[in-house]
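Chemist: How does the following fold in three dimensions:
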Amino acid sequence: MTTKQLAKQKQTNNWFACLVVSLCISSDKLVFCPMLCVCVCSRRVAMATRMKLKLKTVFVLYFMVSLMGLIYALMQLGQRCDCAEHDMPKDRTISRLRGELHRLQEQMRKAEPTKLPHKLAVKPAQPTIYIITPTYTRFVQKAELTRLAQTFLHVPQLHWILVEDSPHKTPLVSGFLASSGLAYTHLHTPTPRDRKLQEGDPSWLKPRGAEQRNEGLRWLREDRRGQPGADTQLGVVYFADDDNTYSLQLFEEMRGTQRVSVWPVGLVGGMRYERPVVEGGKVVRFHTGWRPSRPFPLDMAGFAVSLKLVIANQDACFDGDAPMGFLESSFLQGLVTMDELEPKAENCTKVLVWHTRTEKPKMKREEALQKQGLGSDTAVEV
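Modeler: The predicted structure follows:
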């Protein structure tokens, strides 16, 4: 047999293992797809042994490449996505909706609640609290009214009767009420000159706010008189000064008043508090430091009256000429006896209102600048 024939027979008889590895490239990843074709020649054991070694090598290679691919895929999944571009349309939508909501709220606040059509009026589910507040022009007026209004906004079914000590309505108070978001009535009446406190007079020298409170009562009686069932209307009348501090709980305490309800007042009369003393559910005396023998030694902030009682007693009012400390008694004497008082605030043991007072601001530098023609712009409302 020739050499050529021997080589051909050797090529035919010596089968060996064939390894085919195809490389597939897709986007930014490399994927190895091994295809293994092994034919073992029965004639030569040595060749088979070598092929086993090659198979082991290929398997190890395949395992390592697969493991690297898996690690790479996990790293890609763990990376943070920059979602700013996706969030921008959402943020713009939220911002637009918030702006629309704010615009609608402003329109609702500008609508005067007391002038709503009768058909839109909702029958109250609970007694209305009518707050009568005297006020007068001074540097801290708007600041104090703002603080008071912020409290009233949290009280449901409340109507604010604000009475200016002035011959006319002032633009400051008119504008303030229009933007307050409260149901309100704006009134005015001046205090007679002989009853006004003069510069340097102590605040207790003369009764203050009597004319304004009486004006509020007058409006309330006339307004309610024209309503159906005026004699049986549920409501409470409370006299809230613009410089006091009020707990929200106080208004819920007074809402159930049948005739006249009472409670303690803090920081008043040179004492930590003044209060009615209750025994057996009845008021028997008053804890006060000055003239406890008064008919009703109460602070103006320490009682509320039912609307029915106010309407039924048309002549009940505050006496502007009453002696010092007797202003409250001049009003209550025509409405109730001490035995009929209704103690609130845990039998008059809890203080829910404080007789606070804002310090008068010093304007020495402002006055000095005004003399130089450099004073603050009066068009800026304070």
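Chemist: contacts, neighbours, all on C-alpha from now
Modeler: Fine.
Chemist: Please enumerate the strands of the stretch 251-382 of the chain.
Modeler: 260-262, 265-268, 271-279, 282-287, 303-306, 342-343, 353-354 (DSSP state E, counting those that start in this stretch).
Chemist: same question, the stretch 51-200 of the chain
Modeler: Under DSSP E, counting those that start in this stretch, the stretch 51-200 of the chain gives strands at 128-135, 158-164, 183-188.
Chemist: can you redo these as a markdown table with mean pLDDT and distance to residue 221?
Modeler: Below are those laid out as a markdown table (pLDDT from 0 to 100; distance: least, CA to CA, whole Å):
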| stretch | mean pLDDT | distance to residue 221 |
| --- | --- | --- |
| strand 128-135 | 98 | 12 |
| strand 158-164 | 99 | 12 |
| strand 183-188 | 98 | 13 |
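Chemist: hmm, back to that, ranking the strands of the stretch 251-382 of the chain by burial, who's on top?
Modeler: Highest mean neighbour count of the strands of the stretch 251-382 of the chain: strand 303-306, a mean of 26 (counted as mean count of other CA atoms under 10 Å).
Chemist: hey, C-alpha coordinates of that strand in CSV?
Modeler: The C-alpha coordinates for strand 303-306 follow below in CSV (Å, rounded to 0.1, in the frame of the first residue of the first chain):
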residue,chain,number,x,y,z
PHE,A,303,-69.2,84.0,79.4
ALA,A,304,-71.5,83.4,76.4
VAL,A,305,-75.2,84.0,75.9
SER,A,306,-77.7,82.0,73.9
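Chemist: rewinding a little: mean pLDDT and distance to residue 236 added to the strands of the stretch 251-382 of the chain, as JSON lines?
Modeler: As requested, the strands of the stretch 251-382 of the chain are exported to JSON lines (pLDDT from 0 to 100; distance: least, CA to CA, whole Å):
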{"stretch": "strand 260-262", "mean pLDDT": "99", "distance to residue 236": "9"}
{"stretch": "strand 265-268", "mean pLDDT": "97", "distance to residue 236": "19"}
{"stretch": "strand 271-279", "mean pLDDT": "98", "distance to residue 236": "20"}
{"stretch": "strand 282-287", "mean pLDDT": "98", "distance to residue 236": "20"}
{"stretch": "strand 303-306", "mean pLDDT": "99", "distance to residue 236": "4"}
{"stretch": "strand 342-343", "mean pLDDT": "99", "distance to residue 236": "13"}
{"stretch": "strand 353-354", "mean pLDDT": "98", "distance to residue 236": "17"}
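Chemist: Select, out of those strands, the one closest to residue 234.
Modeler: strand 303-306 (7.7 Å; CA to CA).
Chemist: Now do the closest one: which elements does it pack against?
Modeler: strand 235-239, strand 260-262 (3 or more CA pairs under 8 Å, 6 or more residues apart in numbering; DSSP states H and E).
Chemist: contact partners of it?
Modeler: Here strand 303-306 makes contact (CA atoms under 8 Å, 6 or more residues apart in numbering) with 234-239, 254, 257-263.
Chemist: strands paired with that strand, and their directions?
Modeler: strand 235-239 (antiparallel), strand 260-262 (antiparallel) (DSSP bridges).
Chemist: possible to save those strands as a markdown table with distance to residue 308?
Modeler: Formatted as a markdown table, those follow (distance: least, CA to CA, whole Å):
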| stretch | distance to residue 308 |
| --- | --- |
| strand 235-239 | 7 |
| strand 260-262 | 11 |
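Chemist: how about the ones you listed, which one is nearest residue 374?
Modeler: strand 235-239 (41.0 Å).
Chemist: quick one, domains of the protein?
Modeler: For the chain, the structural domains run 16-78, 127-366, going by automatic domain parsing.
Chemist: Between these, which one is closest to residue 101.
Modeler: Here domain 127-366 is closest among the domains of the chain (CA to CA), at 15.3 Å.
Chemist: Just the endpoints, please. Distance across the closest one?
Modeler: 47 Å (CA to CA, to the nearest Å).
Chemist: likewise stretch 133-144?
Modeler: Note: stretch 133-144 ends 12 Å apart using CA to CA.
Chemist: Could you check how many residues crowd around the nearest residue to residue 328 once chain neighbours are set aside?
Modeler: Nearest residue to residue 328 in three dimensions, chain neighbours excluded: residue 300, at 6.2 Å (CA to CA, 6 or more residues apart in numbering). The local packing of residue 300 (other CA atoms under 10 Å) involves 16 other residues.
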